[in-house]
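Asker: When you get a sec, could you give me coordinates for this:
(one chain, ligands or ions: 1)
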Amino acid sequence: MKGMVIFTSKYGSTEQYARWIGEETGFPVIDLKKDKNIMIDDARIIVIGGWILASKLTSRSWIIKNWDRIKDRKVILFSASGEEPNEKMKRTILEQSLPPHIRDGISYYPLYGRFIPERLNIGHRIMTGAASKLFGGDPLVRKMMAGFDGVKKENIKSIIEAIRKR
Ligand SMILES: Cc1cc2nc3c(=O)[nH]c(=O)nc-3n(C[C@H](O)[C@H](O)[C@H](O)COP(=O)(O)O)c2cc1C
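Answerer: Next comes the predicted model:
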């Protein structure tokens, strides 16, 4: 079965997951930031990864813009986030990122990401610093600001199973 993995990543966790999925499936792995005209060709499975920024999926505009080209393929979406994946966040992220007709046509797998405060660029430092002041009592904000790494290869297991299922 032909397929491809498309991703966008700022600090490497989404890219790491995309590369592991590429290794397991043999699919080419494409960075959205480097390739502006992605050829879908005869790929029957499109895996799309993005990270969560202010409760939204960073790959959402590419998906919305390209939906007509990919909607008749098997579309698998994954994300890397600060929040540990759970059903409630899965629903919230989907609802805030994609319109209903697209939500209904994809399978979404949120994965646990990585957050190292010392590595943030200046814009993200200011943003997370402000969030930390405003929502300092929030457990997710406190945990993120302390730094964490939840990226593990075993997290892609369900995605690989979904790709292999006909
Ligand atoms: C500015 C900023 C905002 C973020 N907002 C959220 C958020 O709203 N919810 C969440 O779960 N994680 C949030 N995160 C955590 C990232 O989604 C997480 O660190 C992810 O693994 C980063 O992906 P990357 O390593 O591929 O860039 C945020 C991270 C940054 C830097």
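
Asker: And whichever strand or helix holds Gly123, what's buried?
Answerer: Using DSSP states H and E, Gly123 sits within helix 122-134. By neighbour count on 16 or more other C-beta atoms under 10 Å, the buried set for helix 122-134 is Thr128, Ala131. Where you see a C-beta, it was placed from the backbone N, CA and C, and this is true even at glycine.

Asker: Enumerate every residue touching the nearest residue to Leu120 once chain neighbours are set aside.
Answerer: Among residues not flanking Leu120 along the chain, Thr128 sits closest, at 6.5 Å (C-beta to C-beta, 6 or more residues apart in numbering). Applying C-beta atoms under 8 Å, 6 or more residues apart in numbering, one finds that Thr128 lies in contact with Pro117, Leu120, Met144, Met145.

Asker: Is the ligand within reach of the helix holding Gly123?
Answerer: Yes. Counting by C-beta under 6 Å from any ligand atom, the ligand is contacted by helix 122-134 at His124, Met127, Thr128.

Asker: per-residue pLDDT, the residue nearest to Leu120?
Answerer: With respect to pLDDT, Thr128 scores 90.

Asker: domain assignment for this protein?
Answerer: Listed by automatic domain parsing, the domain ranges of the chain are 3-113+151-164, 115-149.

Asker: which one of those is the most hemmed in?
Answerer: With neighbours defined by mean count of other C-beta atoms under 10 Å, none of the domains of the chain is more surrounded on average than domain 3-113+151-164, at a mean of 17.

Asker: Phi, psi for Ser107 please.
Answerer: When read as degrees, to the nearest 10, the backbone of Ser107 gives phi -110, psi 130.

Asker: Find the helix or strand that the closest residue to it other than its chain neighbours is a member of.
Answerer: Once flanking residues are discounted, Ser107 sits nearest to Ile76: 5.2 Å by C-beta to C-beta, 6+ apart. Per DSSP H and E, Ile76 falls inside strand 74-81.
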